[in-house]
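Participant: Just a sequence and a predicted model for now, questions to come.
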2 protein chains.
Amino acid sequence: MTIELAEAKNVAFQMADAARAAILPHFRKARLEIENKDTDGFDPVTIADRAAETAMRRVLADLRPDDGILGEEGGTSIGTSGLTWILDPIDGTRGFMSGTPTWGVLIALSDENGPIFGVIDQPFIGERFWGGMGENGQSGPMGEGALGVRKSSLRDAVIFTTFPEVGLPTEARGFQDVAKECKLTRYGMDCYAYALLAAGQIDLVVEASLQPYDIAAPIAVIQAAGGMVTNWQGGPAHDGGRVIAAGCAEVHAAALEILKDIPND
Amino acid sequence: MTIELAEAKNVAFQMADAARAAILPHFRKARLEIENKDTDGFDPVTIADRAAETAMRRVLADLRPDDGILGEEGGTSIGTSGLTWILDPIDGTRGFMSGTPTWGVLIALSDENGPIFGVIDQPFIGERFWGGMGENGQSGPMGEGALGVRKSSLRDAVIFTTFPEVGLPTEARGFQDVAKECKLTRYGMDCYAYALLAAGQIDLVVEASLQPYDIAAPIAVIQAAGGMVTNWQGGPAHDGGRVIAAGCAEVHAAALEILKDIPND
């Protein structure tokens, strides 16, 4: 690791601030131009998405020119420092397009082993969740404070996923098999669900079909808050795909037991 | 009608302010005491819920002692003015318990024909949507402005409901029959979805099993923004039950055509 916490946090916060400024002028604007980069599905890319990534890359060019970058919009640039910034300028574009306050800016710093620092930022609310390298925190309308997961059991758990479809039909059934053991199931929160888990408000997030840039920042923030994030086999989740994020080992193990044998079709 | 817009708005805003102050100290607090008022289902009532309704009733006792009150928590008190305030101190208690910013305070003023003024307030974000008696507006993190629905077709519509289960199995199937004709389906927004509709961000909300206090304020706000709210037969929705809220007549008619014959079981 060739970076100190203070510098990682400063750079990440400057990026988050730049992304806020780039995105908010486009949020809830009627004439938001939406392009479609995946003609097979519904994957909108907004001008705001690109403007935010450009703004964040500008911060990195200025402050950390030797680090690599993996961005949702602008692709990968190789660095020489051994560190890579993983950027999702608007996670939850469908939420963004619907005007909900559940999308977020995801910023993670990763070394060769995975994410070491991350930020989940919600520009409209003005809320920020961060963690890694021995620190965690949150700031928003009710002030600033620490993060911290809560302990629970699967039976008492509040579980989230963004869409009931989750991913493949087998993955949706796997999710429902977990959810029916939980106390409460909720949908529609995009990356905000990971922030709520790190803040000790919910117990479990199960998703599938994630990209690396969807989960890198949540991994750092949740681990820094005392939680766990793995794939559905219990291995590292930073390559994306199927993810279990839990506030405690008991809930994680119970979800893993149900999900570990779900076939890939 | 025995009240002017300025007074209705002033009283409603004072109630919303009082509810914010009563609720926020309890939001996202670990030791929130939750009681269960319906032993057959999951219907939590929080201390915050009751404190907010008490605070709102105090405003009415002071400013509008002759009006009736229908509150979720405190029941009905008959007035002598011909006007009734309909209060849901925390609409979306499950969202509240999960820490999401999607619950809201609902305040409506009704005469013998239905809601004439309403407020949807989101205390955590600091966002307020109001409308009726010739006025509409919103205020929040991005400033203050007018409300206004958008025109769309069912094929281009963004549709919301809070839970995929909607209500009875037949009601869930009815919702899905509408949703499969829409461009995008989202869940989990509680009363915030009605505010997004009034603000022209989404096109359609379909719900069932609502109480009168769940829908009175949304009716006033959405109608004031140019939209329509009816039951699934096209009649008045202010008694609750099954509701269609739409931004324009075309979307409303298309949803109604699918939902009007759904049986009651």
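Facilitator: All right, it came through fine.

Participant: Is A:Pro236 in contact with A:Thr230, as I believe?
Facilitator: Yes - with contact defined as C-beta atoms under 8 Å, A:Pro236 and A:Thr230 form a contacting pair (6.9 Å). Yep, even glycine has a C-beta here, placed from its N, CA and C like the rest.

Participant: Among those two, which residue is more densely surrounded?
Facilitator: A:Thr230 (19 against 13; other C-beta atoms under 10 Å in any protein chain shown).

Participant: who touches that one in this structure?
Facilitator: A:Pro236, A:Ala237, A:Val243, A:Ile244, A:His252, A:Leu256 (C-beta atoms under 8 Å, 6 or more residues apart in numbering or on different chains).

Participant: same thing with A:Gln201?
Facilitator: A:Arg150, A:Val158, B:Arg28, B:Ser98, B:Gly99.

Participant: can you do 7 Å?
Facilitator: B:Arg28, B:Ser98, B:Gly99 (C-beta atoms under 7 Å, 6 or more residues apart in numbering or on different chains).

Participant: What of A:Ala237?
Facilitator: A:Ile215, A:Ile219, A:Val229, A:Thr230, A:Asn231, A:Val243.

Participant: Which residue is the nearest non-sequential neighbour of A:Gly79?
Facilitator: A:Gly68 (3.3 Å; C-beta to C-beta, 6 or more residues apart in numbering or on different chains).

Participant: repeat for A:Val221
Facilitator: A:Gly131 (4.3 Å).

Participant: Check A:Ala246 too.
Facilitator: A:His252 (3.6 Å).

Participant: And for A:Ala108?
Facilitator: A:Ala216 (3.5 Å).

Participant: measure A:Asp190 to B:Gly247 for me?
Facilitator: Look at A:Asp190 and B:Gly247: by C-beta to C-beta, to the nearest Å, they are 23 Å apart.

Participant: near chain B at all, the one helix or strand A:Asp121 maps to?
Facilitator: In this assignment (DSSP states H and E), A:Asp121 forms part of strand A:114-122. No - against chain B, strand A:114-122 shows no contacts by C-beta under 7 Å from any C-beta of the partner chain, the least distance being 8.6 Å.

Participant: Next, the residues that contact the helix or strand that comes right after that strand from outside, please.
Facilitator: For strand A:114-122, the succeeding helix or strand toward the C-terminus, using DSSP H and E, is strand A:127-132. Contacts to strand A:127-132, defined as C-beta under 7 Å, 6+ apart, come from residues A:9, A:12, A:16, A:116-121, A:136-140, A:147, A:195, A:198-199, A:220-221, A:224-225.

Participant: Please name the residues that touch A:Leu83.
Facilitator: Here A:Leu83 is in contact with A:Thr2, A:Ile3, A:Asp67, A:Gly68, A:Leu109, A:Asp111 (C-beta under 7 Å, 6+ apart).

Participant: So the fifth one: helix, strand or coil?
Facilitator: Look at A:Leu109: counting by DSSP: H, G, I helix; E, B strand; the rest coil, its state is strand.

Participant: That one - how many residues pack around it?
Facilitator: Residues near A:Leu109, counting by other C-beta under 10 Å: 27.

Participant: Output the below-cut-off pLDDT ranges for the stretch 151-265 of chain A.
Facilitator: A:265 (pLDDT under 70).

Participant: Strands of that one, start to end?
Facilitator: For the stretch 151-265 of chain A, the strands defined by DSSP state E, counting those that start in this stretch occupy A:158-161, A:184-187, A:204-210, A:228-230, A:241-246.

Participant: Any buried residues in the third one, and which?
Facilitator: Which is strand A:204-210. Applying a neighbour-count criterion of 16 or more other C-beta atoms under 10 Å in any protein chain shown, the buried positions in strand A:204-210 are A:Leu204, A:Val205, A:Val206, A:Glu207, A:Ala208, A:Leu210.

Participant: just the angle between that strand and strand A:241-246, please?
Facilitator: Relative orientation of strand A:204-210 and strand A:241-246, computed by axes from the mean of the first three to the mean of the last three C-alpha atoms, to 10 degrees: 170 degrees.

Participant: Let me see the residues that make contact with strand A:204-210.
Facilitator: A:157, A:159-162, A:166-168, A:171, A:175, A:178, A:182, A:193-194, A:197, A:240-246, A:251, A:255.

Participant: for whatever residue of the stretch 1-150 of chain A ends up closest to chain B, helix, strand, or coil?
Facilitator: Closest to chain B within the stretch 1-150 of chain A is A:Gly99: 3.0 Å, counting by C-beta to the nearest C-beta. With three-state DSSP as the basis, A:Gly99 sits in coil.

Participant: Distance check, it against B:Gly131.
Facilitator: For A:Gly99 relative to B:Gly131 (C-beta to C-beta), the value is 17 Å.

Participant: More neighbours: these two, which one.
Facilitator: Remark: of A:Gly99 and B:Gly131, B:Gly131 carries more neighbours, 29 against 22, as counted by other C-beta under 10 Å.

Participant: Okay, and the beta partners of that one?
Facilitator: For B:Gly131, the beta-bridge partners are B:Gly118, B:Asn136 (DSSP bridges).

Participant: does A:Met56 really touch A:Ala19, like I thought?
Facilitator: Yes - at 5.6 Å, A:Met56 counts as touching A:Ala19 under the criterion of C-beta atoms under 7 Å.

Participant: overlap in contacts of these two?
Facilitator: In contact with both A:Met56 and A:Ala19: A:Pro89, using C-beta under 7 Å, 6+ apart.

Participant: Nice, that's everything, thank you.
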